[in-house]
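A.B. asks: below: sequence and its predicted model.
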There are 2 protein chains.
Amino acid sequence: MIVNYTNLIKKVKETSVPKPLSGTLSGHAAGEPFDKHVYKEIKKEFPKNTFRQYEYLNDLFSKNPDVIGFEARQDLLNSPTVLFLLSRGKNATDSWSIENPFEEKQNDTADILVVKKNFYELIDIKTRNLSKSAQPPNIISAYKLAQLCAKMIDNNEFDNFTINYFEIDWLLEKEELVCKDAHFGCLFNANPADLYINWAAAMQIQFHVCDLDQSFKGTREQWAKAYLKHFVTQAKKRADYMIKQFVKPFEKYLINTK
Amino acid sequence: MIVNYTNLIKKVKETSVPKPLSGTLSGHAAGEPFDKHVYKEIKKEFPKNTFRQYEYLNDLFSKNPDVIGFEARQDLLNSPTVLFLLSRGKNATDSWSIENPFEEKQNDTADILVVKKNFYELIDIKTRNLSKSAQPPNIISAYKLAQLCAKMIDNNEFDNFTINYFEIDWLLEKEELVCKDAHFGCLFNANPADLYINWAAAMQIQFHVCDLDQSFKGTREQWAKAYLKHFVTQAKKRADYMIKQFVKPFEKYLINTK
């Protein structure tokens, strides 16, 4: 890992950001200023290595103006696994130009990207209003993560990237959001068998970063295989549940209908 | 039906509401003022019969101050089917009092309720920004609708309520949202076999009201049975799809894992 999260936690604790102008303090919009705040802190430490995900792609393509078209531009990211995590679609990549760069997209995998010597550290910022007890937030699509694990195994790429989560716990005090605490978790240090998949919520893995167990001791390859086992088991369970919950109870009403 | 929607469309067309203060015009928050606007128009016509869903329950319980507790209060809505659509949970109903009435809840079934001679007309307002091409909005949980149909059949209640959708198409002009068009659709006039269920989006039925087919000619009982058939068929299909998409492609990675 590149970023020292213990130091980062110390730096952001008790700092504050202005309350967003938009009325409600619900949802992730409320904590968004903290995302930019953490980005600035990391960029201070690693000014040449810290990017927003779309910035990194804009930077990479700008430095290679002769490389044109989807496939050639994909090759610039010489890792199929990292490519899967960071790249945009074919049309968007084909039509990219210095005059028409990428803009921020809500479903980008990472909020912040720190890149050093071909190692990619993806960081997603989660913000939490301590005055409310909220459901755990969406982390990443369980299906996307399964595809990622398959790519890691297929390409034997286990050590060139990581996915980290950083949680900011805040409270509204006067007209400011004050960071009361912060937490860090690495996805690949969590026991994959414990990850909760919410199938009805776009198959999202959900957890509060502060609750994420970090006890996994195996290799990254073992993690990928263990996650795939978990994902397949859970998908089968969900399919069985659907029959039990959504088919069986209603079958008696189908008699005598064409 | 109680409300004359053809007249309502004429009344709201070319009317405008102030642009909401909160920054973005995305999502349903933007069109919310139109919901209140339509409510006022209907209430002008039926002042004693028009309610917000929570208002109706507050009104019903207030008029029956001697009726206390969840079950007794449930009995006030002498229709199990309408009860299923409108009631709040046990704890909320138990603790209801004139000093502690219900407030608006985002997942209430109806935005507006028109009640006349034991007939309940549920109206949900959908607003649409014509300058953007958006996904069809969430209409109702496909599972909730299946439970509703089962209740209709179990209780032989087919004619004491309806569920209608009213779409407001608006554009931002200067600092106002202007209603450019409006559309009406009755859920039970749509062919149930054509309703799209988005299983990954909380099992929501999704459609634009303006695109809703209104050609179903059968009885309400036939509708309920046809919908249940559709729901069960789609649930089975989704369970099969899950195995095909989320289990099969990953099984090869599970060999040699404990």
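C.D. replies: Now that the structure is in, tell me what you want to look at. Predicted, not measured: the structure shown is a model, and the values here were computed from it.
A.B. asks: does chain B sit close to the longest helix along chain A?
C.D. replies: Longest helix of chain A, by residue count under DSSP state H: helix A:220-242. Yes: using Cβ under 8 Å from any Cβ of the partner chain, helix A:220-242 reaches chain B at A:224-226, A:228-229, A:231-232, A:235-236, A:238-240, A:242. Where C-beta positions appear, they are placed from N, C-alpha and C, glycine not excepted.
A.B. asks: buried subset of those residues?
C.D. replies: The neighbour-count test (16 or more other Cβ atoms under 10 Å in any protein chain shown) marks A:224-226, A:228-229, A:231-232, A:235, A:238-239, A:242 as buried among the residues of helix A:220-242 next to chain B.
A.B. asks: list just the nearest of the residues of helix A:220-242 next to chain B to residue A:15.
C.D. replies: Nearest to residue A:15 among those: residue A:224, at 36.4 Å, using Cβ to Cβ.
A.B. asks: that closest one is in contact with residue A:156, isn't it?
C.D. replies: No: the criterion here is Cβ atoms under 8 Å, and residue A:224 misses it with residue A:156 at 10.6 Å.
A.B. asks: so what sits against both of the two?
C.D. replies: Common contacts of residue A:224 and residue A:156 (Cβ atoms under 8 Å, 6 or more residues apart in numbering or on different chains): none found.
A.B. asks: tilt between the helix or strand encompassing residue A:172 and helix A:220-242?
C.D. replies: Per DSSP states H and E: residue A:172 is located in strand A:161-173. Strand A:161-173 runs at 70 degrees relative to helix A:220-242, counting by axes from the mean of the first three to the mean of the last three Cα atoms, to 10 degrees.
A.B. asks: and the next helix or strand past strand A:161-173?
C.D. replies: Later in the chain than strand A:161-173, the nearest helix or strand by DSSP H and E is strand A:176-186.
A.B. asks: quick check: buried residues in that following strand?
C.D. replies: Buried residues in strand A:176-186 (16+ other Cβ under 10 Å): A:177-179, A:181-186.
A.B. asks: let's see stretch A:94-111 as CSV, backbone CA atoms only.
C.D. replies: Extracted in CSV, the C-alpha atoms of stretch A:94-111 (Å, rounded to 0.1, in the frame of the first residue of the first chain):
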residue,chain,number,x,y,z
ASP,A,94,-13.2,6.0,-28.9
SER,A,95,-14.5,9.5,-28.8
TRP,A,96,-12.1,10.7,-26.2
SER,A,97,-9.9,13.7,-27.2
ILE,A,98,-8.0,16.5,-25.4
GLU,A,99,-11.0,18.7,-26.2
ASN,A,100,-13.5,16.1,-25.1
PRO,A,101,-12.0,14.5,-22.0
PHE,A,102,-13.8,12.2,-19.5
GLU,A,103,-15.8,13.8,-16.7
GLU,A,104,-16.5,12.3,-13.2
LYS,A,105,-19.0,9.5,-13.3
GLN,A,106,-21.0,8.4,-10.3
ASN,A,107,-20.5,4.6,-10.8
ASP,A,108,-16.7,4.9,-11.3
THR,A,109,-15.1,2.2,-9.1
ALA,A,110,-12.8,4.5,-7.2
ASP,A,111,-13.1,8.0,-5.8
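A.B. asks: contact partners of it?
C.D. replies: A:35, A:39, A:52-54, A:57-58, A:61-62, A:65, A:69-70, A:73, A:85-86, A:88, A:92, A:122-125, A:140, A:144, A:163.
A.B. asks: ChimeraX command to pick out the buried ones of these?
C.D. replies: To isolate the buried ones among those in ChimeraX, judged by 16+ other Cβ under 10 Å, type:
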select /A:35,39,52,53,54,57,58,61,70,73,85,86,88,122,123,124,125,140,144,163
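A.B. asks: which parts of the stretch 151-258 of chain A sit against chain B?
C.D. replies: Checking the stretch 151-258 of chain A against chain B by Cβ under 8 Å from any Cβ, the hits are A:153, A:199-203, A:224-226, A:228-229, A:231-232, A:235-236, A:238-240, A:242-243, A:245-247, A:249-251, A:253-254, A:257.
A.B. asks: got any ranges where the stretch 1-150 of chain A has weak pLDDT?
C.D. replies: The stretch 1-150 of chain A contains residues with pLDDT under 70 at A:21-29.
A.B. asks: now do the helices in it.
C.D. replies: A:5-12, A:32-45, A:53-62, A:70-75, A:80-86, A:90-94, A:142-155 (DSSP state H, counting those that start in this stretch).
A.B. asks: export those helices to a markdown table and append columns for distance to residue B:195.
C.D. replies: Below are those laid out as a markdown table (distance: least, Cβ to Cβ, whole Å):
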| stretch | distance to residue B:195 |
| --- | --- |
| helix A:5-12 | 47 |
| helix A:32-45 | 36 |
| helix A:53-62 | 37 |
| helix A:70-75 | 37 |
| helix A:80-86 | 34 |
| helix A:90-94 | 31 |
| helix A:142-155 | 25 |
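A.B. asks: out of the ones you listed, which comes closest to residue B:46?
C.D. replies: Nearest to residue B:46 among the helices of the stretch 1-150 of chain A is helix A:32-45 (42.7 Å), distances taken as Cβ to Cβ.
A.B. asks: chain center to that closest one: distance?
C.D. replies: Its chain's C-alpha centre and that of helix A:32-45 lie 16 Å apart, by Cα atoms, centre = their mean, to the nearest Å.
A.B. asks: wait, does it contact chain B?
C.D. replies: No: using Cβ under 8 Å from any Cβ, we find that helix A:32-45 stays clear of chain B, coming within 11.3 Å at best.
A.B. asks: for that helix, packing partners?
C.D. replies: Where contact means 3 or more Cβ pairs under 8 Å, 6 or more residues apart in numbering or on different chains; DSSP states H and E, helix A:32-45 is packed against helix A:5-12, strand A:16-18, strand A:50-51, strand A:112-116, strand A:119-129, strand A:161-173, strand A:176-186.
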